[in-house]
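1. Show me how the following folds:
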Amino acid sequence: MTDEIDSIPVPMSRRKFLQSLTLFSAVSVFLSAEGGKTGVKSVATQMFCPCGCRQILAECVCETAVKLREDIQKMIDQKMSREEILQEMVRQYGPTVLAAPQKKGFGLVAYILPLAAFLLSGSALFYFLRFRSSVSPAPAPSELSLTEADNNLRKEIEKEVLKEL
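-> Down below sits the predicted model:
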C-alpha cells in the first residue's frame with residue numbers, strides 16, 4: 001500500500017510521518033513568529049537580571065528588573081529594534097547580561113563545541129565498533145592440532161575412565 005510522491009513510492013506510514021512533521025514545523029513557526037513586533041517580554045526573556053540573582057529578566061521581581069523593563073519599554077517607544085536594545089544592554093552591563101552567548105567571537109564556541117564533541121565521539125564510537133567487528137575470535141582448538149604426546153595422554157585418560165565404569 002504505497003502512494004507516489006514525485007514518482008517515488010513511499011510507504012503510507014512514512015508519508016503520514018512526513019505530513020505530521022511538516023504540520024508540526026509549520027505550527028511551530030507560526031506560533032513563534034511575532035510579526036516583527038518587539039515587546040518588552042520578547043527582549044527581557046533574552047536577558048538575565050543584572051542584580052546578581054541570575055533569573056531571567058522577564059521573571060525577576062526585584063527593583064532592578066522593574067527599572068530595566070521600563071528602560072526597555074522606553075527604547076521600544078524610540079523605535080529601537082530588539083538587536084539594538086540588546087546591544088545597548090550589553091554596552092551598559094556587559095555580555096553576562098545575555099541569557100544566551102553571542103553568535104560571534106568567543107561566544108560562538110558555545111554553539112560549536114557541543115556539535116564538535118558529538119561528531120568526535122560519534123566518529124570514535126564508529127571506528128571502535130568497526131575495529132571490534134573486524135577482529136575475529138581465536139580459533140577453537142581442534143583434534144587435528146593435537147600432538148603425539150597429547151594423543152597418548154588422551155588415550156590414557158580414556159582407559160582410566162573406562163576402568164572406573
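
2. how near is residue 90 to residue 52?
-> According to Cβ to Cβ, to the nearest Å, residue 90 and residue 52 sit 17 Å apart. C-beta here means a position set from N, CA and C on the backbone, and glycine is covered the same way.

3. do residue 129 as well
-> Counting by Cβ to Cβ, the gap from residue 129 to residue 52 is 48 Å.

4. Grab the longest helix from the protein for me.
-> When the chain is parsed with DSSP state H, its longest helix is helix 109-134.

5. Quick one: mean pLDDT for that one?
-> Mean pLDDT, helix 109-134: 85.

6. Go through it and flag the buried ones.
-> By neighbour count with 16 or more other Cβ atoms under 10 Å, helix 109-134 contains no buried residues.

7. Determine how far the helix or strand following that helix lies from the middle of the whole chain.
-> Following helix 109-134 in sequence order, the next helix or strand is helix 148-164 (DSSP states H and E). When C-alpha coordinates are averaged (Cα atoms, centre = their mean, to the nearest Å), helix 148-164 and its chain have centres 64 Å apart.

8. looking only at pLDDT, what's the mean for stretch 75-95?
-> 89.

9. So for that stretch, what gets flagged as buried?
-> Of all the residues in stretch 75-95, those buried under the rule 16+ other Cβ under 10 Å are 75-76, 80, 82, 85-86, 89.

10. Just the endpoints, please. Distance across it?
-> Its start and end residues considered, stretch 75-95 measures 19 Å (Cα to Cα, to the nearest Å).

11. Run through who's touching that stretch.
-> With contact meaning Cβ atoms under 8 Å, 6 or more residues apart in numbering, stretch 75-95 is reached by 38-40, 42-43, 46-47, 50, 68, 72, 97-98, 101-102, 107.

12. same check, this time on stretch 50-64
-> Stretch 50-64 is contacted from outside by 40-41, 44-45, 47-49, 65, 68-69, 93, 96-97, 99, using Cβ under 8 Å, 6+ apart.

13. 6 Å - rerun?
-> 41, 44-45, 47-49, 65, 93, 97 (Cβ atoms under 6 Å, 6 or more residues apart in numbering).
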